[in-house]
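Visitor: Fold the following and give me the result.
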Amino acid sequence: MNLPHKFIQTVESVFAEDGKEFIKKLPQYIEEVSLRWNLREIRPVDNLSFNFVAYATSPLTPLLLGEGNNVVLKIGVPREELISEVTALKFYAGNGACKLIESDEEKGFLLLERLKPGKMLSELKDDDERTQIGMDVMQNLESASLLVNSQEQAPAIQKFIKLSDWFDGLKNIRPHYGGTGPFPKEILERVESVLPELFADENVLLHGDFHHFNILSSERGWLIIDPKGVIGPAGYEIGPLMLNPWLQPMDWSQFKTWSKRRVDIIKERTGWEKEVIINWALSHAILSAWWNFESDIEDEHSLTCAKIFSEIK
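Guide: Have a look, this model is predicted:
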């Protein structure tokens, strides 16, 4: 199987020696899962990035998924994020999410329901409609989210990523730049001041990367894929939704209009105060920019979004 050079380069760059070992052993892993789960016609997706993802067929799945025997195979470098994804999919159990059919956390193997027609939410043109659908899906996930606070779920909860750990990274901005660097001083100060209040809310299970490219159409309605499996306050979930979709070229005037409408729709659907919604959107935009700057990637998009969010009244 010929793997795209960009995919190999990304995996080896992000995961270093583990990534090189993963690429070396990937043909062996594919053969192993093919035998284990009786997979046929394995066809890699066109946009491979950090994980090997492929469409396949399996005669084992009709019992689980009805007559359609199409599945998605996902193989990744075993790590915290992959384990938390598997655990989240088990919690969701197909409610608002694609179904996890089989998995091997230790080896980084996942066998997933293939969503059809599989149109991404980003492909819809009406942003009000996109936002309403996004809120429908978010609320469909809430029942599973509440389970994380039950006592018997304590062992599984340890496998989830803590949102507070992500935001702790923002403490490195000032030492790194000897100031605020490319981050607008007033916006960074606002985020720093509101985070304690935002994190005072109850922790729930979050998708963690809830945006237009991770919400797909299916015969069961709109469902999420690729959950990060994060524990934190529910308000964070709207951050990635507000920041996306990234379009090229970007019409910032249109995005400003979208942003204001999205805040109104989210307020109507959740009952959250407008300021809370804006502060979560703003906080995620700054976090997203910092992640990129940490990787030596300039992120004007996230910083421009942050400026737009900060101006919403």
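Visitor: Going by residue numbers, what spans are helices in the stretch 151-300 of the chain?
Guide: For the stretch 151-300 of the chain, the helices defined by DSSP state H, counting those that start in this stretch cover 154-157, 163-168, 173-177, 185-198, 238-243, 252-270, 274-294, 300-310.
Visitor: So for the fourth one, what gets flagged as buried?
Guide: So that's helix 185-198. Residues 187-188, 190-192, 194-195, 198 are the ones in helix 185-198 that count as buried (16 or more other C-beta atoms under 10 Å). Placement of C-beta: from N, CA and C, glycine included.
Visitor: show me where pLDDT drops low in the stretch 101-250 of the chain?
Guide: 143-156 (pLDDT under 70).
Visitor: again, only this time at 90
Guide: Low-confidence segments of the stretch 101-250 of the chain (pLDDT under 90): 140-159, 202-204, 246-250.
Visitor: top helix in the chain by residue count?
Guide: Using DSSP state H to define each element, the chain has its longest helix at helix 5-36.
Visitor: Show me what that one is packed against.
Guide: In this structure, helix 5-36 makes packing contacts with strand 40-44, strand 52-57, strand 70-75, strand 109-113, judged by 3 or more C-beta pairs under 8 Å, 6 or more residues apart in numbering; DSSP states H and E.
Visitor: ok, and what's touching the second one?
Guide: Contact with strand 52-57 is made by 3, 7, 26, 29-30, 39-45, 69-76, 114, as judged by C-beta atoms under 8 Å, 6 or more residues apart in numbering.
Visitor: Go again with 7 Å.
Guide: Contacts of strand 52-57 with the rest of the structure, by C-beta atoms under 7 Å, 6 or more residues apart in numbering, involve 26, 39-45, 69-75, 114.
Visitor: Pull the most distant pair out of those.
Guide: The largest separation in the contacts of strand 52-57, counting by C-beta to C-beta, is between Leu26 and Asn69 at 23.9 Å.
Visitor: Which residues are in contact with Tyr236?
Guide: 163, 206, 280, 284.
Visitor: How much space separates it from Asp264?
Guide: Computed as C-beta to C-beta, to the nearest Å, the Tyr236 to Asp264 distance reads 19 Å.
Visitor: For Asp136, give me its contacts.
Guide: Counting by C-beta under 7 Å, 6+ apart, Asp136 has contacts Trp222.
Visitor: cutoff 8 Å now
Guide: Applying C-beta under 8 Å, 6+ apart, the residues near Asp136 are 221-222.
Visitor: Can you tell me the element it falls in?
Guide: Assessed by DSSP states H and E, Asp136 sits inside helix 127-140.
Visitor: Okay, angle between that helix and helix 252-270 too, please.
Guide: Compare the direction of helix 127-140 with that of helix 252-270 by axes from the mean of the first three to the mean of the last three C-alpha atoms, to 10 degrees and you get 40 degrees.
Visitor: Just the buried positions in stretch 292-305, please.
Guide: For stretch 292-305, the neighbour count (16+ other C-beta under 10 Å) marks 292-293, 299, 301-305 as buried.
Visitor: And for that stretch, what's in contact with it?
Guide: Residues outside stretch 292-305 that contact it (C-beta under 8 Å, 6+ apart): 169, 172, 181-184, 242-243, 246, 250, 252, 255, 259, 281, 285-286, 288-289.
Visitor: Kindly format the C-alpha coordinates of it as CSV.
Guide: This file holds the C-alpha atoms of stretch 292-305, laid out as CSV (Å, rounded to 0.1, in the frame of the first residue of the first chain):
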residue,chain,number,x,y,z
ASN,A,292,-0.2,26.6,16.7
PHE,A,293,2.4,29.2,17.9
GLU,A,294,3.8,26.4,20.1
SER,A,295,4.3,24.4,16.9
ASP,A,296,5.9,27.4,15.1
ILE,A,297,2.8,28.0,13.0
GLU,A,298,1.5,31.5,12.7
ASP,A,299,-2.3,31.6,13.3
GLU,A,300,-3.8,34.8,12.2
HIS,A,301,-7.2,33.1,11.7
SER,A,302,-7.7,32.3,15.4
LEU,A,303,-6.4,35.7,16.5
THR,A,304,-8.7,37.5,14.0
CYS,A,305,-11.6,35.4,15.3
